[in-house]
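Trainee: For reference, the sequence and a predicted model appear below.
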Amino acid sequence: QVPQSQTIYLSYPGDSFLELYGNMIYQIGLPMLEDYIWRFLEISNEIDDLKQKVDTGEVLFPEIIEIGKRKLFDLVNYNDFATALLHIVLSDTRFVAWKYICGESVLHDQRKELDIVSVIDNDEKALRAFLSLKILLNFVNKTRLFLLIDEMESIETLHVFKKQKMLNSLRRVMDLNPTGLCMIMACTPEAWNGIISDYHAFSERIFRNVILTPLNEEMLRQLIIDY
């Protein structure tokens, strides 16, 4: 199969990696994520047009979910997240599962309904969820993830501790995804110079830094061709 890509645009990075992750999931959207889960179940069960066959009763839903669950648990080392993903295709729990996956607050009774224990409520769990989602995308042939982060200079307004945590999280994302991830950050030169001069562990992982001048359409096309 020809590798396919998933492109996500974020208008700003947010105050934490948890917020960045949640905004990324919102940009993917529930319908697209549901499509990815159905595609995962099709591949896992080796059945084409699976959703239609489930709707017509040709295939038993509990059986394909059980096979998918075993496969997803083998792939993803985050059982709560994997369980919530599968609940996306269950009509009774899809919206609660969506809230959980987005990193929103989920009540104890709702977590019991999803058969999960914890919630995604800090940067570490958000990073695990991000990595798990990328594994799912790879499985359904979305092997190239393009993450476009605008207004990167906004992190300069964060407290120095929060700023360092954010940059460390982005550095870990780069380290843990040596292939299949392209991260493009738009930032004012003044803020960018401060970031790369103060946080060497982050800046040394940026392989190409493109300084943009005001461009017309033809100049923009040529820039893309050159790089």
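Mentor: Alright, I've got the coordinates.
Trainee: can you give me the helices in this protein?
Mentor: Here the chain has its helices, by DSSP state H, at 17-28, 30-45, 50-55, 61-75, 79-87, 94-101, 108-114, 123-139, 160-176, 189-198, 200-203, 217-226.
Trainee: Please compute how far the last one lies from its chain's middle.
Mentor: Read that as helix 217-226. Computed by CA atoms, centre = their mean, to the nearest Å, the chain-centroid distance of helix 217-226 equals 28 Å.
Trainee: try stretch 33-40
Mentor: For stretch 33-40, the distance to the chain centre is 14 Å (CA atoms, centre = their mean).
Trainee: buried residues in it?
Mentor: Going by neighbour count (16 or more other CB atoms under 10 Å), the buried part of stretch 33-40 is 33, 34, 36, 37, 38, 39, 40. Quick note: C-beta positions are derived from backbone N, CA and C, even for glycine.
Trainee: Go ahead and name everything in contact with it.
Mentor: 25, 50-51, 68, 71-72, 85-86, 88-89, 94, 98, 101, 136-137, 139-140, 142 (CB atoms under 8 Å, 6 or more residues apart in numbering).
Trainee: Grab the most central residue of this structure for me.
Mentor: In the chain, the centroid-proximal residue (CA atoms, centre = their mean) is residue 130; its distance is 4.6 Å.
Trainee: So which bits of the lowest-mean-pLDDT helix or strand in the chain are buried?
Mentor: Scoring the helices and strands of the chain by mean pLDDT, DSSP states H and E places helix 200-203 at the bottom, with a mean of 72. Buried residues in helix 200-203, counted by 16+ other CB under 10 Å: 202, 203.
Trainee: What is that helix packed up against?
Mentor: helix 160-176, helix 189-198 (3 or more CB pairs under 8 Å, 6 or more residues apart in numbering; DSSP states H and E).
Trainee: buried set for the longest one?
Mentor: Which is helix 160-176. Residues 163, 164, 165, 166, 167, 169, 170, 171, 172, 173 are the ones in helix 160-176 that count as buried (16+ other CB under 10 Å).
Trainee: ok, how many other residues are close to the closest residue to the first one other than its chain neighbours?
Mentor: Read that as residue 163. Distance criterion CB to CB, 6 or more residues apart in numbering; nearest residue to residue 163, sequence neighbours excluded, is residue 155 at 5.4 Å. When counting by other CB atoms under 10 Å, one arrives at 24 neighbours for residue 155.
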